[in-house]
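Asks: Mind folding the following:
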Amino acid sequence: MNSSLSIFRKVAVAEGISYLLLLFVAMPLKYFANMPLYVKYTGWAHGLLFVLYAATLVMAWQEQKWKFGKTVLIFVASLLPFAPFIVDRKLKDERPENASRIL
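Replies: Sure, this is the predicted structure:
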């Protein structure tokens, strides 16, 4: 059975990829190639993954018993390009005994 932390990490990577696709593929296609349909579908997928990111973050927060500040920092990371990958890397080795030291 997957822990909520494992599920969150997978969703975080997917959300990070969708964000980069939206910013660096779909948006340029919209403005430089007059192809707005890519933004519609990529944006829709990214929005869904963002909601999943927030929901699985809450689940991981409760299961891992993180401090509120750490959870807010992880949430803010979802708003910055490439930051979800940094979060994933930091959470990769997280264990209950050193959970408060990471991030």
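
Asks: I'd like to know which elements the longest helix along the chain is packed against.
Replies: Secondary structure of the chain per DSSP state H: the longest helix is helix 37-64. Other elements packing on helix 37-64 under the criterion 3 or more CB pairs under 8 Å, 6 or more residues apart in numbering; DSSP states H and E are helix 4-21, helix 27-32, helix 68-77. Bear in mind the C-beta positions are built from the backbone N, C-alpha and C, glycine included.

Asks: Of those, flag the one that's most buried.
Replies: helix 4-21 (a mean of 19; mean count of other CB atoms under 10 Å).

Asks: Give me the angle between that helix and helix 68-77.
Replies: Orientation check (axes from the mean of the first three to the mean of the last three CA atoms, to 10 degrees): helix 4-21 against helix 68-77 gives 30 degrees.

Asks: what mean pLDDT does helix 4-21 have?
Replies: Mean pLDDT, helix 4-21: 96.

Asks: Just want the angle from it to helix 37-64.
Replies: Going by the same axes, to 10 degrees, helix 4-21 makes 160 degrees with helix 37-64.

Asks: how many other residues sit next to residue 56?
Replies: 20 (other CB atoms under 10 Å).

Asks: my bad, should have said residue 84
Replies: For residue 84, using other CB under 10 Å, the count is 26.

Asks: give the contact list for the nearest residue to it once chain neighbours are set aside.
Replies: Spatial nearest neighbour of residue 84, chain neighbours left out: residue 16 (3.3 Å); criterion: CB to CB, 6 or more residues apart in numbering. Residues in contact with residue 16 (CB atoms under 8 Å, 6 or more residues apart in numbering) are 81-85, 88.

Asks: In this structure, which residue is most central in space?
Replies: Among the residues of the chain, the one closest to the centroid is residue 12, at 3.1 Å (CA atoms, centre = their mean).

Asks: Pull the contacting residues for that one.
Replies: Contacts for residue 12 (CB under 8 Å, 6+ apart) come out as 53, 56, 78, 84, 87-88, 91.

Asks: at 10 Å what do you get?
Replies: Residues in contact with residue 12 (CB atoms under 10 Å, 6 or more residues apart in numbering) are 49, 52-53, 56-57, 60, 74, 77-78, 83-88, 91.

Asks: Cool, thanks, signing off.
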